[in-house]
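>>> let me see the structure of the following:
(one chain, ligands or ions: 1)
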Amino acid sequence: MTDVTRLRADLHQVWRMRAFEEKVRELRLAGDAVGSIHLGIGQEAIPVGVSGLVQPQDAVFATYRGHSWAIACGVPPEALFAEILGRATGVNGGRGGSAHLTAPAYRFFGENSIVGAGAPIAVGAALAGRFDGSNRVAFTVFGDGAMNQGSVHEAMNMASAMKLPVVFVCENNTWSELTPIAEMVGDPELYKRAAAYGMPGERIDGNDPAVVRERVGAAFALARAGGGPTLVEAMTARLVGHYIGDVEQYRRPGELDEARRHEPAVKLAEQLRAAGAGEDTIAGAESEARAEMEKAAADALAAPLADPATAKEHLYV
Ligand SMILES: Cc1ncc(C[n+]2csc(CCOP(=O)(O)OP(=O)(O)O)c2C)c(N)n1
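Have a look, this model is predicted:
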């Protein structure tokens, strides 16, 4: 693959995720979707970089900011829109909504609204892989705030002690809801904690899919080879509110202007220009993605709402 082909493919994937989420925001503001919705606009390079690393036997565990991770796993956007819109055709029959998307057939073992909960579940999935012969790698992604959850510490310790094939990725967007991570920790270089657990840890540019692919790819390779877990701290920025409706009074002056200069779509467009691509190549990546998501959303809107009579199906407790 030439540089231009790869960069164009990455830019197209970034735009698929962003166009999906911009459409979700529009649908939420119009009242077609309900409930609290968290967007990952600006953070797309991490799921784009990881998407090609996940093999059929693997398992992915995300957070409530998980739309792009579902797309990265290959879940069809129409089924995701339908889920968020409460439609019967949704990936979970309209029961889960934005924060509980789950699609095991696509290796996407779901979002989770409990901060840090994905990490111990991933450790369990990796441990299960020892017994079912799958050689599964369990991948889990969470925010910088989640690094202060006891469950995440316990998960990292157990994964390292048992040399389990887990890849821990911390999407460090520097905000935990409305609080800066720097005010909540003694050392904001979170990757350094990996050393305390006896596993490799590093901080990377989380706005460049190629860097993510290379460094998280090394973590997957180590895990598959029996070398145990890795912690990757991927630096990025959330260009929108914590949730749709967040008025973002906590932002520092100029913070978002600065972040927009380094966000993944801007970075990839610059790399494409440097590799000799024309403006039509760059614009096409965005317009194709927007057309795909407009159609997927329209098809989902046309589907019937979930039948309330089915609300109690699939309940276990
Ligand atoms: C166990 C738990 N505590 C608190 C909350 C409330 N809460 C929701 S999101 C959030 C911030 C998490 O920040 P971070 O882990 O950095 O992820 P981000 O939202 O930035 O992606 C908090 C505290 C929760 N959902 N679960």
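>>> tell me, how many residues neighbour residue 151?
If you count neighbours by other Cβ atoms under 10 Å, residue 151 ends up with 18. Placement of C-beta: from N, CA and C, glycine included.
>>> give me the pLDDT value at it.
For residue 151, the model assigns a pLDDT of 98.
>>> in three-state terms, how would it be classified?
Reduced to three states with DSSP: H, G, I helix; E, B strand; the rest coil, the structure at residue 151 is helix.
>>> how much space between it and residue 140?
Residue 151 is 11 Å from residue 140, where distance means Cβ to Cβ, to the nearest Å.
>>> what residues are shared contacts of the two?
Listed contacts common to residue 151 and residue 140 are residue 119; contacts here mean Cβ atoms under 8 Å, 6 or more residues apart in numbering.
>>> got the residues of the chain near the ligand?
Residues of the chain lying near the ligand by Cβ under 6 Å from any ligand atom: 63, 65, 113-115, 142-146, 173, 175-177, 242.
>>> ok, and the closest non-adjacent residue to whatever residue of the stretch 1-150 of the chain ends up closest to the ligand?
Residue of the stretch 1-150 of the chain nearest the ligand, by Cβ to the nearest ligand atom: residue 143 (2.1 Å). Of all residues not flanking residue 143 in the chain, residue 171 sits nearest, at 5.7 Å (Cβ to Cβ, 6 or more residues apart in numbering).
>>> which SS class is that neighbour?
Reduced to three states with three-state DSSP, the structure at residue 171 is strand.
>>> in helices, which of the residues of the chain next to the ligand appear?
Of these, none are assigned to helices by DSSP state H.
>>> which among these end up buried?
The neighbour count (16 or more other Cβ atoms under 10 Å) marks 63, 65, 115, 142, 143, 144, 145, 146, 173, 175, 176, 242 as buried among those.
>>> would TSV of the residues you listed with pLDDT and distance to residue 267 be doable?
Formatted as TSV, those follow (pLDDT from 0 to 100; distance: Cβ to Cβ, whole Å):
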residue	pLDDT	distance to residue 267
63	98	23
65	98	20
115	98	28
142	98	23
143	98	21
144	98	21
145	98	25
146	98	25
173	98	16
175	98	20
176	97	25
242	98	23
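>>> next, give me the two most distant ones among those residues.
Using Cβ to Cβ, those span at most 14.6 Å, a distance reached by 142 and 242.
>>> circling back: which of the residues of the chain next to the ligand lies closest to residue 16?
Minimum distance to residue 16 across the residues of the chain next to the ligand is 16.4 Å, recorded for residue 65 (Cβ to Cβ).
>>> one step back: among the residues of the chain next to the ligand, which ones are in strands?
Residues from the residues of the chain next to the ligand lying in strands, with DSSP state E as the criterion: 142, 143, 175, 176.
>>> just name the closest of the residues of the chain next to the ligand to residue 230, please.
Distances from residue 230 to these, taken by Cβ to Cβ, are shortest for residue 142, at 14.3 Å.
>>> what sits against that closest one?
Neighbouring residues of residue 142 by Cβ under 8 Å, 6+ apart: 63, 115, 116, 118, 119, 152, 168, 169, 170, 171.
>>> do residue 277 as well
Contacts of residue 277 by Cβ under 8 Å, 6+ apart are 4, 7, 8.
>>> mind checking the end-to-end distance for stretch 87-97?
9 Å (Cα to Cα, to the nearest Å).
>>> if you count neighbours, what's buried in that stretch?
Across stretch 87-97, burial judged by 16+ other Cβ under 10 Å covers 87, 89, 90, 91, 92, 93, 94, 95, 96, 97.
>>> any idea how far stretch 231-246 is from the chain center?
How far stretch 231-246 lies from its chain's middle: 10 Å, per Cα atoms, centre = their mean, to the nearest Å.
>>> render the CA-only coordinates of that stretch in PDB, please.
C-alpha atoms of stretch 231-246 as PDB (Å, rounded to 0.1, in the frame of the first residue of the first chain):
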ATOM      1  CA  LEU A 231      -0.400  -0.200  29.000                       C
ATOM      2  CA  VAL A 232      -0.400   2.300  26.200                       C
ATOM      3  CA  GLU A 233      -1.300   5.900  27.100                       C
ATOM      4  CA  ALA A 234      -2.600   7.600  23.900                       C
ATOM      5  CA  MET A 235      -2.600  11.400  24.100                       C
ATOM      6  CA  THR A 236      -5.600  13.000  22.400                       C
ATOM      7  CA  ALA A 237      -8.200  15.700  22.900                       C
ATOM      8  CA  ARG A 238     -12.000  15.600  23.100                       C
ATOM      9  CA  LEU A 239     -13.200  18.400  20.800                       C
ATOM     10  CA  VAL A 240     -16.700  18.400  22.200                       C
ATOM     11  CA  GLY A 241     -18.400  18.300  25.500                       C
ATOM     12  CA  HIS A 242     -18.200  15.400  27.900                       C
ATOM     13  CA  TYR A 243     -21.800  14.600  26.900                       C
ATOM     14  CA  ILE A 244     -24.200  16.300  24.400                       C
ATOM     15  CA  GLY A 245     -25.400  19.400  26.200                       C
ATOM     16  CA  ASP A 246     -22.300  20.000  28.300                       C
END
